[in-house]
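# Just the structure for this:
(3 chains)
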Amino acid sequence: MSASISHASSSATPGTPLMQIDALSVDFDTASGPIHALRHISLSVMPGRILGLVGESGCGKSSLAYSLIGLLDTNARICGGAIRFGEQDLAGLSESHWQALRGRRIAMIFQDPMTSLNPVRTIGQQLIDIQYRDRTSRVQKRSRALEFLEQVRIPDPASRLDSYPHELSGGMRQRVCIAMALLTRPELLIADEPTTALDATLEVQVIHLLRELQQKHGCSVVFVSHHLGTVAELCDDVAVMYAGEVVETGSVETVFRTPAHPYTQALLACDPASIREATRVLPTIPGELPDLRQVPQGCIFQARCPQVFDRCRQRSPDIYPVQGEQVARCFRVASEEPSP
Amino acid sequence: MTSTTTAPFMPPPSWLSRFLRGLRGERTGMLGFVLVTLIVLAAIFAPWLSPYDPTAIMTGPPLAPPSSAHWLGTDNLGRDLFSRVLAGGRVAMLVAAAALSAALTLGVALGLLAGLGPRWLDNLLLLIFDAIRSFPVIVFGLAVVTLVGPSLFTVVLVVAITSVPIYARIIRTQAQSLRSAEFVLAERAMGASLPRLLGIHVLPNVLGPLLILASMDVPLVIATEAGLSFLGMGVRPPTPSWGVILNDGYNFIRNSPWPVVAGSVPIVLVTLGFTFLGEALRDIFDPRLQKAN
Amino acid sequence: MSLLDVEHLRIDYRRYGVLRALFKREASRFSAVADVSFSLDAGRTLGIVGESGSGKSSVARSLIGLQAARGSIRYDGREIVRAGRREWKRLRRDIAMMWQDPIGSLSPRLSVASLITEPLRIQGRPGGRDEADRLLKMVGLPRALGARYAHQLSGGQARRVGVARALALDPKLLICDEPTAGLDMSVQGEILNLLNDIQQRTQVAIVIITHNLNLVRHITDEVAVMYLGRFVEQGATQAIFEHPRHPYTEALLSANPSPDPDARHGRIELSGEMPSPVRRPSGCEFHGRCPYARDDCAVIVPDWTHEPERAHACRYPLSS
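A predicted model of the protein is given here:
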């Protein structure tokens, strides 16, 4: 937990979540019918902690991240549940209320830094623009921008203020985006795969930077990624998603050391980094994602689960406790006897 | 290790079925399609649809208003306007077809050369294109007429030459971006020859947008032809063209508005029809919009 | 004699025209690949590992005849670095490439069946439905997929189509550029297992270009680590992974974390970013980022140190 007292953690006492997502469901309307992209998502984002959202393509982690900042596509509909943030329910919030939140209490960094920066304005101008709500002078805003560029360890920050985004490398642009996001001292920072487009050695730098800044500012972070190793390194808690549902949550230690849900287990087994013995034949999870236009009855993972039995096909499992804070959506966790 | 697919089998994209499906959703496109079909059919069947010989004079009283005998009335020489409009439609379609085919062929060839060839050739061609485009079309037409003499051929020539740079530039940009496209590299890595690359892999991907643009240029071509003919630089009488009808009617506008109407309304209809159709085509076949499913 | 022998490969790109270079008083060319040597036998797999800017893609393209290069590339004993179009037509029966972008590398207007039989037709051999079915079966795709188009395929399916196309002429050397980029981890294994299976059966030699060290450890016999256009360490995969000698190899290894929460210690953070090949650092080109750099590293270019089955280019290598 953060030792510094900052504006970020003042609105929530430790123990109560900063943001509570209750049974959130989101549909996407398409020409061939609605896609049930997110179904009954329940998560807690605790103050001052980093929550990792992990899953493969089609699991809905990016959609979930976007719904927390109100940036879902126009064909998306929140059809159930709530996102409690302080006094407000963000599901169904009006655009003007969102404007008051974004860039002030909730900030976001994206996967591709090139498209999140305006190519025709200098870095300095953009860092100053972000502070438009503050009634400080331009000089003060500029010095604040400089201070944050130093915090994200941009070399020669004073001259960088006058650079354009295309003059910086990918790694540096991402740092600038981080600076822009933290400049307004948000309570929650959402990061959508910020290191996926970066090389491994640059990823290390950005991850360490995020850790350091998060501890310094005390904000919460929701970190979306498909790199299990990165999530294990950076995050405190993790939520594993599959095909629009959260199948397991818990602290990073418990989930990665003793995964309870068969999908988590299989996913960890497939990560080549976790395989100790060199092997020429790699494990896979055979099968394909279910069609989310017609969600099958029963457990969402039934078609590919190596431990499936009859009950899994008939009813959807609830969320059952595993140990401590760790929970999983699986009948194997609920009952002791594995008989069909 | 067999990968079983659960998604339903989708038939390969067929232009016609996509086009018809998409058209149902666009009302202006539907209107455009109907108009264009009517105009083209009228042009093709003009000789059979005309009640009178379009060049025959004194088929009725001159400058008469529309009647059951003359659906659009008559012009100053007593020629049936409806028959003349139909014949003019033929001329217009002919000019459009000839000029645009010539422009497209030459434009695609030069565009490919510029986009895929050496840098110096690209620069040279761009210079030529810009030189041509710096002339207003009518001025260019005047110059050509003095050299070649006024005729239908002159009109086709002028329109074709002034359209080439536009099409060539579009093809050039497309070709340039395709040059480094990964599938083109893959084909080259497999040893595909240049004709193969162009014919199978490059052209089908660049021609689509171009054809749509060309269809939207039809009204422009026809208006240019009408303009040149109006100025006396195009078709010689007695061949009717909408421009000629307009010119004749303009002199007698105080006596009867009908010749002017007969000359201008078809131009308006053609413009609307092809523009609506072209825009609908573009929307239907825009690859970015396809992916949103 | 190895199937593929590359010696002192060098690939230059032009940066400025001659006049402009004179005006700016800078070199008109720069080396994306400065000096690369390796050899590969039939039935073996070599991994070339590097980050963006290392030049690994340029190496791949030179092996398939799309990139002019200097130095020596000997295939089956024949020097091919300056081979002309006719010779490459023959070579392309033996050397095939799989591309990084699974869908972008497939021509958008051809059906899958046409795509995978394209190499056959280019070589003047029959490439009809029968051949297409055979190839689809070889990569485990259903026959019905032959009628689909590239944009209708999933990433995994498109990858398999790429494999099928690469194998159409039964090549002896296969070059794979990032074969698992964009694939989920749970399906990465499918493609790699398929390649392994085919290698067992046909003894095809495979070069894998990637930045993913974790994969390389499992699926390659030999690995070469590339930095700024040069190899800094190369040799038997197991040996290099267990005991890396070059500091960059060590940094790359530690930069690919395993999801084991206990193994989080010792992540090496390199300072700065890879310099541009336009302005190459002096001495050992890694000295600016090396956590163990000493004074002479900036001045003296390190020689290769050879050990059994491996080699590295560092004056102060890491000890076992």
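
# got a list of contacts for the helix or strand of chain C with the lowest mean pLDDT?
One helix or strand of chain C scores below all others by mean pLDDT, DSSP states H and E: helix C:18-24, with a mean of 76. With contact meaning Cβ atoms under 8 Å, 6 or more residues apart in numbering or on different chains, helix C:18-24 is reached by C:15-16, C:27-28. (Glycine included, C-beta is placed from N, CA and C.)

# Would you mind measuring from the residue in the stretch 101-250 of chain A that chain B sits nearest to to A:Leu93?
Closest contact between the stretch 101-250 of chain A and chain B, by Cβ to the nearest Cβ, is at A:Ala243 (12.4 Å). If you measure A:Ala243 against A:Leu93 using Cβ to Cβ, to the nearest Å, the figure is 27 Å.

# same thing with C:Tyr13?
Taking Cβ to Cβ, one finds C:Tyr13 at 52 Å from A:Leu93.

# Same check on A:Val327?
28 Å.

# and those two? which has more neighbours close in?
A count of neighbours by other Cβ atoms under 10 Å in any protein chain shown puts A:Val327 above the other of A:Val327 and A:Leu93, at 23 against 16.

# helix or strand right after the host helix or strand of that one?
Applying DSSP states H and E as the criterion places A:Val327 in strand A:326-328. Scanning forward in sequence from strand A:326-328 by DSSP H and E, the next helix or strand is helix A:331-334.

# in that following helix, what counts as buried?
A:331-333 (16 or more other Cβ atoms under 10 Å in any protein chain shown).

# ok, the residue lying closest to B:Gly234 once chain neighbours are set aside to B:Thr162 distance?
Nearest residue to B:Gly234 in three dimensions, chain neighbours excluded: B:Leu228, at 4.0 Å (Cβ to Cβ, 6 or more residues apart in numbering or on different chains). Separation of B:Leu228 from B:Thr162 (Cβ to Cβ): 11 Å.

# Can you name the residues of the stretch 1-150 of chain C that neighbour chain A?
Contact residues (Cβ under 8 Å from any Cβ of the partner chain) of the stretch 1-150 of chain C with chain A: C:51-52.

# Excluding residues flanking it in the chain, which one is nearest whichever residue of the stretch 1-150 of chain C sits closest to chain A?
As assessed by Cβ to the nearest Cβ, chain A sits closest to C:Glu51 within the stretch 1-150 of chain C, at 3.9 Å. Once flanking residues are discounted, C:Glu51 sits nearest to A:Asp199: 3.9 Å by Cβ to Cβ, 6+ apart.

# which residues touch the residue in the stretch 51-200 of chain A that chain B sits nearest to?
Sorted by distance to chain B under Cβ to the nearest Cβ, the residues of the stretch 51-200 of chain A start with A:Asn75, at 8.5 Å. Neighbouring residues of A:Asn75 by Cβ under 8 Å, 6+ apart: A:28-30.

# for C:Leu120, same thing?
Contacts of C:Leu120 by Cβ under 8 Å, 6+ apart are C:126-127, C:131, C:168-169.

# Closest to C:Gly43 out of those residues?
Of all the contacts of C:Leu120, C:Leu169 has the smallest distance to C:Gly43: 17.9 Å, by Cβ to Cβ.

# and that closest one, how many residues sit next to it?
Residues contacting C:Leu169 under the criterion other Cβ under 10 Å number 19.

# so it makes contact with C:Thr117?
No: judged on Cβ atoms under 8 Å, C:Leu169 makes no contact with C:Thr117 at a distance of 10.3 Å.

# rewinding a little: got the contacts of helix C:18-24 as JSON lines, with secondary structure, neighbour count and pLDDT columns?
Shown next, in JSON lines, are the contacts of helix C:18-24 (DSSP: H, G, I helix; E, B strand; the rest coil; neighbours: other Cβ atoms under 10 Å in any protein chain shown; pLDDT from 0 to 100):
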{"residue": "C:Arg15", "secondary structure": "coil", "neighbour count": "15", "pLDDT": "79"}
{"residue": "C:Tyr16", "secondary structure": "coil", "neighbour count": "15", "pLDDT": "74"}
{"residue": "C:Ala27", "secondary structure": "coil", "neighbour count": "12", "pLDDT": "76"}
{"residue": "C:Ser28", "secondary structure": "coil", "neighbour count": "15", "pLDDT": "78"}
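
# and the two most separated of those residues?
It's C:Tyr16 and C:Ala27 that sit farthest apart of the contacts of helix C:18-24, by Cβ to Cβ, at 8.4 Å.

# intersection of neighbour lists for the two?
With Cβ under 8 Å, 6+ apart as the test, C:Tyr16 and C:Ala27 reach no residue in common.

# related to what we said a few turns ago, residues touching the residue of the stretch 101-250 of chain A closest to chain B, list them.
Here A:Ala243 is in contact with A:58-60, A:289-290, A:292, A:300-301 (Cβ under 8 Å, 6+ apart).

# Can you pull the residues of the stretch 201-320 of chain C lying near chain A?
By Cβ under 8 Å from any Cβ, the residues of the stretch 201-320 of chain C that approach chain A are C:211-215, C:217-219, C:237-238, C:241, C:251-252, C:254-262, C:264, C:267-270, C:272-274.

# Mind naming the longest helix for the chain?
Here I'm looking at chain A. Ranked by residue count, the top helix of chain A under DSSP state H comes out as helix A:200-217.

# Switch to chain C, please.
The longest helix of chain C (DSSP H) is helix C:185-202.

# Wondering if it reaches chain B at all.
Yes: judged by Cβ under 8 Å from any Cβ, helix C:185-202 comes into contact with chain B at C:190, C:193-194.

# Quick one: mean pLDDT for that helix?
The average pLDDT for helix C:185-202 rounds to 90.

# cool, and stretch B:233-250?
For stretch B:233-250, the mean confidence score works out to 81.

# what's the distance between it and the middle of its chain?
On the basis of Cα atoms, centre = their mean, to the nearest Å, stretch B:233-250 sits 20 Å off its chain's mean C-alpha point.

# Next: stretch B:221-229.
Worked out by Cα atoms, centre = their mean, stretch B:221-229 lies 12 Å from the chain centre.

# now do stretch C:106-114
On Cα atoms, centre = their mean, the centre of stretch C:106-114 falls 25 Å from that of its chain.

# That stretch spans what distance, first to last residue?
Counting by Cα to Cα, to the nearest Å, you get 10 Å between the two ends of stretch C:106-114.

# cool, and stretch A:258-272?
Calculated as Cα to Cα, the first-to-last residue distance of stretch A:258-272 is 18 Å.

# And chain C, is it touching that?
Yes: legend: contact between stretch A:258-272 and chain C by Cβ under 8 Å from any Cβ is shown at A:266-268, A:270-272.

# re earlier: okay, and which of the residues of the stretch 201-320 of chain C next to chain A map to helices?
Mapping these onto helices (DSSP H) picks out C:213-215, C:217-219, C:237-238, C:241, C:251-252, C:254.

# Can you name the two of those residues that sit furthest apart?
C:Ile219 and C:Ala251 (21.7 Å).

# out of those two, which sits in the more crowded spot?
A side-by-side neighbour count of C:Ile219 and C:Ala251, using other Cβ under 10 Å, places C:Ile219 first with 26 against 21.

# List the residues that contact the residue nearest to the spatial centre of chain C.
Centroid-nearest residue in chain C: C:Ile209, 2.3 Å away (criterion: Cα atoms, centre = their mean). Going by Cβ under 8 Å, 6+ apart, C:Ile209 touches C:47-48, C:56-57, C:59-60, C:175-178.

# switch to 10 Å and redo it
Contacts for C:Ile209 (Cβ atoms under 10 Å, 6 or more residues apart in numbering or on different chains) come out as C:46-50, C:54, C:56-57, C:59-60, C:63, C:97-98, C:100, C:175-179, C:226.
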